[in-house]
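J.: sequence first, predicted coordinates after that:
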Amino acid sequence: MAVTAEVKGVKLILKLNKGSQTVSNCSQSATDDALYAIGGAVASLQQEEVTNLTKVVETILIAE
C-alpha cells in the first residue's frame, strides 16, 4: 500500500520566555528565509524576548 502526504497547513511558532505566539495560515510556498523574516517582524512587536522560531508543517497521510 502506498501512502502519500498532502500538506494541510504551515504555521510559525515563536517561543517566548513566558509562552509562545503562533502565526497561522502561512503560505505553503513560503521559504524558510521568508518565514524567519516574518518571525523577526512579529518578534519586534513582542515585549518579551523570542528564544526560537519553529516551522510546523501539518500533513495528512493518505493510503492509496
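T.: On my side now, so go ahead. Numbering: from 1, shown residues only.
J.: and the residue nearest the centre of the chain, backbone torsions?
T.: Note on the chain: the residue nearest the mean C-alpha position is residue 12, at 2.2 Å, using CA atoms, centre = their mean. Phi and psi for residue 12, reported as degrees, to the nearest 10, are phi -120, psi 130.
J.: look up the closest residue to it, ignoring the ones flanking it.
T.: Spatial nearest neighbour of residue 12, excluding adjacent residues (CB to CB, 6 or more residues apart in numbering): residue 23 at 4.4 Å. In short, each C-beta sits where N, CA and C put it, glycine included.
J.: okay, and that neighbour sits in which element?
T.: Following DSSP states H and E, one finds residue 23 within strand 19-26.
J.: partner strands of that strand and their direction?
T.: Strand 19-26 has its sheet partners listed here by DSSP bridges as strand 3-16 (antiparallel).
J.: in the strand it pairs with, what counts as buried?
T.: Residues 10, 12, 13, 14, 16 are the ones in strand 3-16 that count as buried (16 or more other CB atoms under 10 Å).
J.: any regions of the protein where pLDDT drops low?
T.: For the chain, no stretch has pLDDT under 70.
J.: show residues contacting the host helix or strand of residue 37.
T.: Using DSSP H and E, residue 37 sits within helix 32-43. Residues outside helix 32-43 that contact it (CB atoms under 8 Å, 6 or more residues apart in numbering): 10, 12, 14, 21, 23, 26, 30, 50, 53, 55.
J.: please redo it, this time with the cut-off set to 10 Å
T.: With contacts defined as CB atoms under 10 Å, 6 or more residues apart in numbering, helix 32-43 is touched by 10-14, 16, 21-23, 26-27, 30-31, 49-55.
J.: list the buried residues of it.
T.: By 16+ other CB under 10 Å, the buried positions in helix 32-43 come out as 35, 38, 39, 42, 43.
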